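# dropping a prediction and its sequence here:
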Amino acid sequence: RARLTTSGVRAHSARAWLGDNAIHRLAPILRRLSDYRAREVEIDGCRYREGLSAVRVSGGVAGNVVPDSAEVDVNFRFAPDRTVEEALAHVREVFDGLAVDFALTDAAPGALPGLAAPVAKDLLASVHRHGGGGVRAKYGWTDVSRFAARGIPAVNFGPGDPNMAHKRDEHLPVAQITAVTAMLRGYLTGNSH
């Protein structure tokens, strides 16, 4: 995540021409975000689609003041074939040439799928024997990236539809929890046949 801050000149809104509205200076940033086209890449049979989004906007002093500062927080979800440094360079490139202060506020490395690791292959084979679903890209950050950074094979495994995440109607059928529990128990106990 990065915070892009614009600066202006504070003034009374009755004399707005004496100021320079920092909120208005966010327009080019938001335009670039709106026009952004996400890169898609396939890694180990998993299709990743990157995303660059404004996730928070703030600014303003009072209802009758032209603000001298405004900011937008930008979240870049990048495919695991990029390093944090490459991702940061890409975000800087997207906003190159704009009059903004740029500050990195958070960063975490991605994790390659790691499906070639024997333990991952065994888990997938067990899941398939139990009628489980296929493999797909993980778009959100999880502790799997911490394991991957240390060379420890790890996968995200669980029930639910990730397309439902953080929505008002997010839910998970109990039957999926039960099925995943049985698959994982079978794998861990060796009774997956």
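Structure's in. What do you need? Everything numeric here is computed off the predicted structure, so don't read it as measured data.

# distance of residue 39 from residue 132?
From residue 39 across to residue 132, the span is 29 Å (Cβ to Cβ, to the nearest Å). (C-beta placed from N, C-alpha, C; glycine too.)

# and what of residue 123?
The spacing between residue 123 and residue 132, counted by Cβ to Cβ, is 10 Å.

# with neighbour numbers in mind, choose between the two.
The residue with more neighbours, out of residue 123 and residue 132, is residue 123; 21 against 18, by other Cβ atoms under 10 Å.

# show me which residues of the longest helix along the chain are buried.
Across the chain, the longest stretch assigned as helix under DSSP state H is helix 174-189. Neighbour-count burial for helix 174-189 flags 179, 180, 183, 184, 186, 187 (criterion: 16 or more other Cβ atoms under 10 Å).

# with distance to residue 162 as added columns, please give those in JSON lines.
As requested, the buried residues of helix 174-189 are exported to JSON lines (distance: Cβ to Cβ, whole Å):
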{"residue": "179", "distance to residue 162": "16"}
{"residue": "180", "distance to residue 162": "14"}
{"residue": "183", "distance to residue 162": "17"}
{"residue": "184", "distance to residue 162": "18"}
{"residue": "186", "distance to residue 162": "23"}
{"residue": "187", "distance to residue 162": "21"}
